[in-house]
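# show me the folded form of this:
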Amino acid sequence: MIGQTHFAIGAKNFNMAHENHYLVGYIVRTHAVSGNLVFHLDVDYPEDYEELQSVFIENKGNLVPYFIEDFNLHKTDKAIVALEGVDTIEKAQALVGSALYLPEEELEELEEGQFYYHDIPGYVVVDKTLGELGEVITVYTPGAQDLIAMAYQGVEVLIPVVDDIVIRADHEKKQIEVDLPEGLLKVYLEESKPEEKDGDED
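Take a look at the predicted model:
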């Protein structure tokens with residue numbers, strides 16, 4: 001696996017507002033009336049977080065630590081969670097919509113050339129044939145196919161995150177090495193051109 005996803009729900013905008021912490025998901029709703037919450041885990045492998053003992057919840061721009069009393073992975077990316085001190089529906093409701101963070105030091109060390117998605121915005125995309133192209137804006141994770149969004153000649157180009165296309169990251173040079181399919185850039189540039197009107201205008 002090339003990287004790990006840490007992005008917001010919906011627009012999938014890159015968000016690293018808190019230095020040395022990474023975004024793992026959001027609290028999406030309450031569960032029952034006992035104060036339990038439903039976490040959406042926006043990561044590659046939610047099962048890796050089943051032994052999670054604590055989490056930081058964003059509140060008014062600050063990260064507040066909470067201890068986890070019970071963590072039940074319910075679906076592929078959803079978990080029913082009981083937090084210490086959150087024992088009423090009112091307390092739980094106040095946390096709905098909050099972002100979930102963990103310290104970066106808890107991330108597994110990656111092998112040479114691998115990367116986490118939150119590392120690469122601002123990296124320069126370098127194609128093995130065309131050379132330097134543009135900077136990474138963000139990474140979209142819509143479900144079926146993760147996509148690196150690159151700014152290229154004023155156009156957003158989406159690059160599928162697959163091993164044959166995204167080769168490796170060079171963290172020292174802050175570059176992403178790619179082998180783009182022939183014609184990919186041309187498609188985006190042509191789509192960005194304004195449509196020509198039929199006939200001449202007076």
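
# any buried residues in the helix or strand of the chain with the lowest mean pLDDT, and which?
Ranking every helix and strand in the chain by mean pLDDT, DSSP states H and E puts helix 184-192 at the bottom, with a mean of 89. Residues of helix 184-192 classed as buried: 184-185, 188 (neighbour count, 16 or more other CB atoms under 10 Å). All C-beta atoms are positioned from the backbone trio N, CA, C, and that covers glycine.

# got it, and stretch 76-95?
Buried-residue list, stretch 76-95, by 16+ other CB under 10 Å: 78-83, 86, 92, 95.

# do the same with stretch 53-60
Neighbour-count burial for stretch 53-60 [16+ other CB under 10 Å]: 55-58.

# just these: which are in strands?
55-58 (DSSP state E).

# ranges for the strands of this protein?
Ranges of strands in the chain, per DSSP E, are 21-31, 36-41, 54-59, 62-73, 78-83, 99-103, 124-127, 131-140, 147-152, 155-160, 166-170, 175-178.

# what is the last one packed up against?
Packed against strand 175-178 by the contact rule (3 or more CB pairs under 8 Å, 6 or more residues apart in numbering; DSSP states H and E) you find strand 124-127, strand 166-170.

# contacts for that strand, please.
Residues outside strand 175-178 that contact it (CB atoms under 8 Å, 6 or more residues apart in numbering): 115, 120, 123-128, 136, 148, 159, 165-170.

# same question for the fourth one.
Defining contact as CB under 8 Å, 6+ apart, one finds that strand 62-73 is touched by 18, 21, 36, 46-47, 49-58, 79-86, 101.

# pairing partners for it, with directions?
Neighbouring strands of strand 62-73 in its sheet, by DSSP bridges, are strand 54-59 (antiparallel), strand 78-83 (antiparallel).

# buried residues, it. List them.
63, 66, 68, 71, 73.

# now do it and strand 21-31, the angle between them.
Regarding strand 62-73 and strand 21-31, their directions subtend 60 degrees when assessed with axes from the mean of the first three to the mean of the last three CA atoms, to 10 degrees.

# repeat for the fifth one
When the same axes, to 10 degrees is applied, the directions of strand 78-83 and strand 21-31 differ by 90 degrees.

# how far is strand 78-83 from where the chain is centred?
20 Å (CA atoms, centre = their mean, to the nearest Å).

# please save the CA atoms from that strand in CSV.
Output of strand 78-83 as CSV, limited to C-alpha atoms (Å, rounded to 0.1, in the frame of the first residue of the first chain):
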residue,chain,number,x,y,z
LYS,A,78,-17.7,2.9,11.3
ALA,A,79,-17.2,2.2,15.0
ILE,A,80,-19.5,2.5,18.0
VAL,A,81,-17.5,4.0,20.8
ALA,A,82,-17.9,4.7,24.5
LEU,A,83,-15.8,7.6,25.8
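
# need the contact partners of it.
Here strand 78-83 makes contact (CB under 8 Å, 6+ apart) with 28, 31, 34-41, 46, 49-50, 66-74, 95.
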